[in-house]
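1. After the sequence you'll find the predicted model.
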Amino acid sequence: MYNSPMAVMTISEARVALPEVLTRVEAGEEITITRHGSPIAVVVRPDIVWSRPAGAAPSDDTQELVTILRERARRNGRSLQQELRVILAAAENDPGRDPLPPIRLTTVRTAGTSVWSREEIYGDEGR
């Protein structure tokens with residue numbers, strides 16, 4: 001069913017095929033699970049995780065990413081370019097992905113003791 005070194009599945013697909021997912025992982029395959037097109041988890045054998053040095057980031061292998069995206073495109077019946085357009089459109093339309101602006105810290109010099117609200121000091125409506 002999957003020919004790439006790292007398969008990509010949606011949460012729904014992984015839930016339905018959990019026994020198969022675990023069998024494939026046990027055989028050495030890594031499976032990425034996505035939600036709304038974004039990767040949220042990678043299922044790997046424990047010995048793979050434990051063999052990585054603490055704090056080591058996963059490899060940034062462009063070819064591996066292209067392979068994963070090609071597999072995802074194939075499963076969705078699209079070309080790689082079409083799949084990338086779908087991913088980018090979803091990222092642009094997801095308001096939850098926009099980073100919050102940095103919090104501005106303000107020094108307030110006072111002559112006495114008074115009480116202020118966070119909004120009065122920071123002007124950020126208490127975020």
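-> Received, thanks.
2. the strands in this protein, which residues?
-> Defined through DSSP state E, the strands belonging to the chain, from first to last, are 6-10, 30-35, 38-43.
3. May I have the shortest one as PDB, with CA atoms only?
-> As requested, the backbone C-alpha atoms of strand 6-10 are provided in PDB (Å, rounded to 0.1, in the frame of the first residue of the first chain):
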ATOM      1  CA  MET A   6       8.000   7.300   5.700                       C
ATOM      2  CA  ALA A   7       4.200   6.900   5.000                       C
ATOM      3  CA  VAL A   8       1.800   9.700   5.700                       C
ATOM      4  CA  MET A   9      -1.700   9.100   7.100                       C
ATOM      5  CA  THR A  10      -4.500  11.200   8.400                       C
END
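4. Which strand residues bridge the closest residue to Val44 other than its chain neighbours?
-> For Val44, the nearest residue in space outside its immediate sequence neighbours is Glu30; the separation is 4.9 Å by CB to CB, 6 or more residues apart in numbering. From N, CA and C alone the C-beta is placed, and that goes for glycine too. Applying DSSP bridges to Glu30 gives these bridge partners: Met6.
5. doesn't Val43 make contact with Glu30?
-> Yes - Glu30 is within contact range of Val43, at 7.0 Å (criterion: CB atoms under 8 Å).
6. what touches both of these two?
-> In terms of CB atoms under 8 Å, 6 or more residues apart in numbering, Glu30 and Val43 are not both contacted by any residue.
7. Ramachandran coordinates for Arg104?
-> Here is the backbone geometry of Arg104 (degrees, to the nearest 10): phi -90, psi 120.
8. now it: how far from Ser117?
-> Spatial separation of Arg104 from Ser117 under the definition CB to CB, to the nearest Å is 16 Å.
9. Could you do Gly123 as well?
-> Distance of Gly123 to Ser117, computed by CB to CB: 10 Å.
10. burial count for Pro46?
-> Pro46 has 8 neighbouring residues, counting by other CB atoms under 10 Å.
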